[in-house]
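K.L.:
pasting the sequence and the predicted model now:
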Amino acid sequence: MEIDPKKLDELLNKIERMSHKQDEMKSEIQKLKSEITQMKVSETVKFDNLKDENVNVFSIPQNEEPEVLVTEKADQTFSLPETKTEVEKKKNTEEFVGGNLINKIGIIITIIGVFIGTKYAIDNNFISPLTRIILAYAFGLGLLFTAIRLKEKYNNFSAVLLSGSMAINYFVTFIAYSFYDMFPQAAAFIIMVMFTVFTVVAALHYNQQVIAFIGLAGAYAIPFLLSDNSGKIVILFSYLAIINAGILVISIKKVWKPLLFFSFILTWLIYSLWFSFSYNFHTYGNTAFIFNFLFFGIFYAAFITNKIIIKEIFRTSDIFLVLANSFIFYGIGFNIISDGYFGEDYLGLFTLLNAVIHLMISMAIYKNRLADRSVFYLITGLVLIFLTITIPVQLDGNWVTLFWIFESVVLFWIGIKRQITFYEKMAVPLILISSISLLMDWGNGYFQYNSFNKEGYIIPIFNLNFLVTVLFIAASALNYYISKINTGQLTGKRNITKIIRTSSIILFLAAILFGGMLEIQNHFHQQTINSIISFSKHDSFNKPVFNNDIQLFGNVWSINYLLVFLACLTIFCKLKLNNITTGYTNFGLNIFGMIIFLSFGLLFLSQLRDSYISGGTEYFKAGIFNIIIRYISLLIAAYLILISFFTFKKTLPYNIISVSTDLLSAAAVVWIASSELLNWMHFAGSQNSYKLGLSILWGICSLMLIIIGIFKNKKHLRIGALVLFFATLIKLFFYDIAHLSTISKTIVFVSLGILLLLTSFFYNKYKSVIINE
């Protein structure tokens, strides 16, 4: 915990005032006691006299009882502090400004004045250089002597004077060395180091962080002020390491966070600038790695030791610095190794070494109970981070995805089992990273096979990509299972558990869907590549050709897989996830799947039919399966429609879902029936399939929907049928009659007229039913 000097001064002043008040109250209490004693003696005399005169004791007036006087006096005495609260606050502000702030401003102005005066004397040659240095040292030492004399009574004021004294001595030594060559470099260096040591010792003795700041600033300035551009980087870093070791000692004795942060920032800034602009592996490779590790170790020890001593929970600033220290060390070390002789072969080992270092610290804290649990969790988090990084650094491809997803399972299980939210939170980014990694594996593993890369061929199902997908699905199922089976162990509802549970089921289903579709698409892609026929340059037609039907089969089977997946999902949701939110989601997915089938699936099937009718191409023949696959797809679509129709009407609210299910099912049936009519009319060679046939079919469908709507009391079906009727009439007058022959026009008009009359007949016959409804 950091001690604020200003706050400490205020508390000391407050203690002094309260002590003074205590002395005043003691004297007041003594006076009251003496008054009470005198009154008791007086009353005793009166009582004896009254006794002799046979006077009743209880006739003494109430206002003469001593208790009343004592109570009033005591009340007056103890009510004094309550009337001086605002006055004390004003005094505190005044004392802070007059006794604390002004002295710091004063010492800064004094230092500026000394330098202005010195510069003026130098510019006008009033005194010799040696005299200038001697006088400056004398002034600095005079401030130091004054600070020592005033320490006992005026500790804060003395500390400010001492800080100013050491700042003056630092810069005087620099001027003597740099401008007048009065000291050799070694002597100046030793003098400044002595000033630094004295300043740090004084800071500990005074218990004043500001003194340590002055010493630290001077210490970091020494090598740059005394530099001769010799490039002796080992000496510089050794010196910085010694300073940081001193900071480590101070961290053990004092909780001075700003001092530690200041040292951390300056050290890594100096090192990083050198590494960025002057580093060369052949010259400084070993030196860079040694001091990188040394600085990391010193600051790591300082942070951890500080937390162990004060038993404080890690705050945001602490977490940032520990992570920054670890990642700066790792980043620089990573670059040193990758640029060196060993190259990338040892990067994984270096990453693992980082994890081992943090693991040793974590185990020591855990076994010896050295610090708060937050410290243990933070260090353990670093272990997991570097373990996680080790795999992609050393390995490539699919194994990274497997490591990350199963690591998330382990962390989530520990978090649930031990009720440690930290581990659950660590599992969330791993789940996200593993999902992204799986997408990258899919992109790099599938569709790599082509006529120029025959090695990209993979066996369907029996390949590493599919294995990774299956294991990813299993890991997601484990995460979901853990969140469900251990629900009773949770102390309360935790949002992080719900997030992992929801994301696990989503990833589980998404991996099954897209993993399967990719396998199907990749298989037919490879078959399409294998069907390519190439021609020589001398042929009149030398552009490669391939069997396009194979790719169409791949598209159709992918959509069929989607429909089967949605049907299975509907059954699963009904049996295992029977709730309204899941039902609505499933309902929306089924609608989406049917739209895909009706818009794209039927289109691909029509293209396969056309290929069969035309007999294929010159190089590839179309078989009967171009037609058979149509009815396989229609059966799958019909199954999805039926299972959705009967499932959602029972599990979801009746009013909205019932209407939506009826209308969507009716629309799907009309669409499929229209497609099937067109299919057979193409077989028959009809030229007016989109005009004559569709109009009559839509009229029949409208009539059937009205009949069902009447007998089932479903107004929405009747309205939908009327809408379809009007759409048919618009199509009839604006599209059909334009190019139909007279006979065709007669057939379509008569047919639709009869259907409309039948519709009106049913409306009139069952008018009472409709009105009652």
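P.N.:
That came through, no problem. Residues are numbered from 1 along each chain as shown.
K.L.:
any weak-confidence spans in the stretch 651-773 of the chain?
P.N.:
Applying pLDDT under 70 to the stretch 651-773 of the chain flags residues 651-657, 686-692, 736-741, 745, 763, 766-773.
K.L.:
can you give me the helices in it?
P.N.:
654-684, 694-711, 715-734, 742-765, 767-772 (DSSP state H, counting those that start in this stretch).
K.L.:
most packed of the ones you listed?
P.N.:
Of all those, helix 694-711 has the most neighbours on average by mean count of other Cβ atoms under 10 Å, namely a mean of 20. (C-beta placed from N, C-alpha, C; glycine too.)
K.L.:
CA atoms only: put stretch 597-604 into CSV for me.
P.N.:
Extracted in CSV, the C-alpha atoms of stretch 597-604 (Å, rounded to 0.1, in the frame of the first residue of the first chain):
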residue,chain,number,x,y,z
PHE,A,597,-33.4,-25.0,-50.6
LEU,A,598,-36.2,-23.3,-52.5
SER,A,599,-34.1,-20.6,-54.0
PHE,A,600,-30.8,-22.4,-54.7
GLY,A,601,-31.4,-26.1,-54.2
LEU,A,602,-34.2,-26.3,-56.7
LEU,A,603,-32.1,-24.2,-59.1
PHE,A,604,-29.2,-26.7,-59.0
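K.L.:
show me what counts as buried in it.
P.N.:
Buried residues in stretch 597-604, counted by 16 or more other Cβ atoms under 10 Å: 597-598, 601-602, 604.
K.L.:
among the helices of the stretch 651-773 of the chain, which is nearest residue 532?
P.N.:
Residue 532 lies closest, by Cβ to Cβ, to one member of the helices of the stretch 651-773 of the chain: helix 654-684, at 29.2 Å.
K.L.:
just checking, what packs against that closest one?
P.N.:
Judged by 3 or more Cβ pairs under 8 Å, 6 or more residues apart in numbering; DSSP states H and E, helix 654-684 is in contact with helix 580-596, helix 602-614, helix 625-651, helix 694-711, helix 715-734.
K.L.:
can you check what angle separates that helix from helix 694-711?
P.N.:
Put simply, helix 654-684 runs at 150 degrees to helix 694-711, going by axes from the mean of the first three to the mean of the last three Cα atoms, to 10 degrees.
K.L.:
how far does helix 654-684 sit from its chain's centre?
P.N.:
47 Å (Cα atoms, centre = their mean, to the nearest Å).
K.L.:
stretch 325-332 too?
P.N.:
Here stretch 325-332 shows a centroid-to-chain-centroid distance of 20 Å under the convention Cα atoms, centre = their mean.
K.L.:
likewise stretch 340-359?
P.N.:
Averaging C-alpha positions (Cα atoms, centre = their mean) puts stretch 340-359 26 Å from its chain's average.
K.L.:
which residues touch that stretch?
P.N.:
Stretch 340-359 is contacted from outside by 281, 285, 326, 329-330, 333-334, 337-338, 379-380, 382-383, 385-387, 389-391, 393-395, using Cβ atoms under 8 Å, 6 or more residues apart in numbering.
K.L.:
now a ChimeraX select for only the buried ones of those.
P.N.:
A single ChimeraX command suffices to select whichever of these are buried according to 16+ other Cβ under 10 Å:
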select :281,285,326,329,330,333,334,337,379,380,382,383,385,386,387,389,390,391,393,394
